[in-house]
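Chemist: Below is the structure, and that's it, no one-letter string:
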């Protein structure tokens, strides 16, 4: 019979297809009759019924398989194209095409390898570092999105994860063996960014529907957290790390330069750490006003004001205790060094890929602490999940919009317009 012949010739192929399909379909939407067949390992009958679209496998199920590419893959494989056809299922992704330009293209879906966790992306945030790549137009083909919430499709080698679990992840790739890793400072590891999700060309991020993530970086999140909240964990952890490095004490005057999402989150944590006054400077008036409206800053000032420095020095009676610089250009860095008090701390969070001329004489004469800040520790990342889940942090107030994959180009243009108040736009890659 046809079933017997399939069992003899295609059993390995059928196993692969079934595993892929079963992982993709939520238990709540499965046909109980077919589910029972699958449990009994009668994969041949199940696929044969799907092929014939008879009563045991409804037309909607057949359409589902066809829509996801598995049905076509099975047909092609039976026609002699081999098992490889199953693994060549494609998905839409938003990738860098050139300077300030994206394209929607097809890329291969990641295939389970028994180690990495395969995740269906639910939401993905747009980060300021992503904007740098977009502005420069390099590397071409990069699929960004390192801030994400997703649902497990294949748990890889994680025995504590199950299909359907909602997760996020540290998008980094530390070696786990060096001195920095052994101390928990994974952000210092020389391998941390080499294979980072959404930041390296061979590891697509959340601007597509399915990604593969190192299993030891994946963290399960509480079910009562919103998808958008989960996507906000990563940038929130960056702000927490900056505040920690600033060693903010109760009663400190703190200046945050830059009112983007990292600046606003840093300002939020500065207040939570006990700062008596938090000031934000920003060139975008709408963002400046927003920092006060959201309650993360007490005041805001236009960074382009030629009298900004004397105003700030007078207001603080000689300078801020801590300055968190979240822009990364020469003007911002020099303003930070100028407006911090002698013996104060400047935390450099803003990313600059080019040389940044600075007045080092001021840093020398004022004996400043110039503190670089990159990413976060594992503990800080996990702490942000807990703080958000426990409703101790409201990060939803920062989310301005949720856009589909084909709305990413306009979202980036909006975030870089210099006139819009938006600081965080979330992408739903399934729309």
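Modeler: Everything's here; your move. Nothing here was measured: the structure is a model prediction, and the numbers come from that model.
Chemist: element containing the closest residue to residue 303 other than its chain neighbours?
Modeler: Counting by CB to CB, 6 or more residues apart in numbering, residue 281 is the residue found nearest to residue 303 once chain neighbours are left out, at 4.3 Å. All C-beta atoms are positioned from the backbone trio N, CA, C, and that covers glycine. Element membership for residue 281, per DSSP states H and E: strand 277-282.
Chemist: Strand 277-282 and the helix or strand just after that strand, what's the angle between them?
Modeler: Remark: after strand 277-282, the chain's next helix or strand is helix 285-293, criterion DSSP H and E. Here helix 285-293 runs at an angle of 170 degrees relative to strand 277-282 (axes from the mean of the first three to the mean of the last three CA atoms, to 10 degrees).
Chemist: Could you list the low-pLDDT ranges of the stretch 51-200 of the chain?
Modeler: Applying pLDDT under 70 to the stretch 51-200 of the chain flags the ranges 51-88.
Chemist: Can you show me the strands along it?
Modeler: 90-98, 101-108, 117-125, 147-154, 166-169 (DSSP state E, counting those that start in this stretch).
Chemist: Now the first one: buried residues?
Modeler: Yep, that's strand 90-98 we're talking about. By 16 or more other CB atoms under 10 Å, the buried positions in strand 90-98 come out as 91, 93, 94, 95, 96, 97.
Chemist: Rebuild the strands of the stretch 51-200 of the chain as a markdown table, extending it with distance to residue 353.
Modeler: Below are the strands of the stretch 51-200 of the chain laid out as a markdown table (distance: least, CB to CB, whole Å):
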| stretch | distance to residue 353 |
| --- | --- |
| strand 90-98 | 15 |
| strand 101-108 | 19 |
| strand 117-125 | 21 |
| strand 147-154 | 20 |
| strand 166-169 | 25 |
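Chemist: mind checking which of the ones you listed is nearest residue 264?
Modeler: Among those, strand 117-125 comes nearest to residue 264, with 13.5 Å by CB to CB.
Chemist: so the residue nearest to residue 303 makes contact with residue 304?
Modeler: No - the pair residue 281 / residue 304 is not scored as a contact, 9.3 Å apart, by CB atoms under 8 Å.
Chemist: quick one: which of those two has more around it?
Modeler: Taking neighbours as other CB atoms under 10 Å, residue 281 and residue 304 compare with residue 281 leading, 29 against 12.
Chemist: and that one, what is it in contact with?
Modeler: 255, 256, 257, 258, 259, 288, 300, 301, 302, 303, 308, 335 (CB atoms under 8 Å, 6 or more residues apart in numbering).
Chemist: Which ChimeraX command selects the buried ones in these?
Modeler: Here is the ChimeraX selection string for the buried members of the contacts of residue 281, based on 16+ other CB under 10 Å:
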select :255,256,257,258,259,288,300,301,303,308,335
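Chemist: quick one: which of the contacts of residue 281 is nearest to residue 108?
Modeler: Residue 108 has its nearest neighbour among those in residue 258, at 37.7 Å by CB to CB.
Chemist: Which residue is the nearest non-sequential neighbour of that closest one?
Modeler: residue 326 (3.6 Å).
Chemist: measure the one you found to residue 246 for me?
Modeler: Separation of residue 326 from residue 246 (CB to CB, to the nearest Å) stands at 12 Å.
Chemist: Specify the local secondary structure of the nearest residue to residue 284 once chain neighbours are set aside.
Modeler: What sits nearest to residue 284 in space, not counting adjacent residues and going by CB to CB, 6+ apart, is residue 418, at 5.4 Å. Look at residue 418: counting by DSSP: H, G, I helix; E, B strand; the rest coil, its state is coil.
Chemist: Can you get me a residue count around residue 418?
Modeler: Neighbours around residue 418, by other CB under 10 Å: 10.
Chemist: got it, and residue 103?
Modeler: Residue 103, neighbours per other CB under 10 Å, totals 13.
Chemist: same thing with the one 3 residues further on?
Modeler: Residues within reach of residue 106, counting by other CB under 10 Å, total 11.
Chemist: check contacts around it.
Modeler: Neighbour list for residue 106: 90, 91, 92, 93 [criterion: CB under 8 Å, 6+ apart].
Chemist: Would you quantify the distance from it to residue 206?
Modeler: On the measure of CB to CB, residue 106 and residue 206 end up 17 Å apart.
Chemist: Give me the pLDDT for the residue lying closest to residue 292 once chain neighbours are set aside.
Modeler: Once flanking residues are discounted, residue 292 sits nearest to residue 300: 5.5 Å by CB to CB, 6+ apart. You'll see residue 300 listed with a pLDDT of 98.
Chemist: what's across from the spatially most central residue of the chain in the sheet?
Modeler: By CA atoms, centre = their mean, the chain has its centre lying nearest to residue 147, at 0.9 Å. Note on residue 147: beta-bridge partners by DSSP bridges are residue 125.
Chemist: and it, what does it touch?
Modeler: 124, 125, 126, 127, 171, 206, 231, 232, 233, 234, 235.
Chemist: now residue 372
Modeler: Neighbouring residues of residue 372 by CB under 8 Å, 6+ apart: 347, 348.
Chemist: That one and residue 104, how far apart?
Modeler: Residue 372 sits 36 Å away from residue 104, taking CB to CB as the criterion.
Chemist: And for residue 352, nearest residue in space, chain neighbours not counted?
Modeler: Counting by CB to CB, 6+ apart, residue 352 lies nearest to residue 328, which is 4.0 Å off, once chain neighbours are set aside.
Chemist: what's that neighbour in contact with, if anything?
Modeler: With contact set as CB under 8 Å, 6+ apart, residue 328 has these partners: 348, 349, 350, 351, 352, 356.
Chemist: Tell me which two of those residues sit farthest apart.
Modeler: Distance extremes for the contacts of residue 328: the farthest pair is 349 and 356 at 13.2 Å, using CB to CB.
Chemist: more crowded one of these two?
Modeler: Counted by other CB under 10 Å, residue 349 and residue 356 do not tie: residue 349 has more neighbours, with 26 against 15.
Chemist: Could you give the backbone dihedrals for the more buried one?
Modeler: Here is the backbone geometry of residue 349 (degrees, to the nearest 10): phi -100, psi -30.
Chemist: Over to residue 265?
Modeler: Backbone torsions of residue 265, given as degrees, to the nearest 10, read phi -70, psi -40.
Chemist: In this structure it contacts residue 234, no?
Modeler: No - with contact defined as CB under 8 Å, residue 265 and residue 234 do not form a contacting pair (10.5 Å).
Chemist: Confirm the residue nearest to residue 352 sits in a helix?
Modeler: No - counting by three-state DSSP, residue 328 is not part of a helix but coil.
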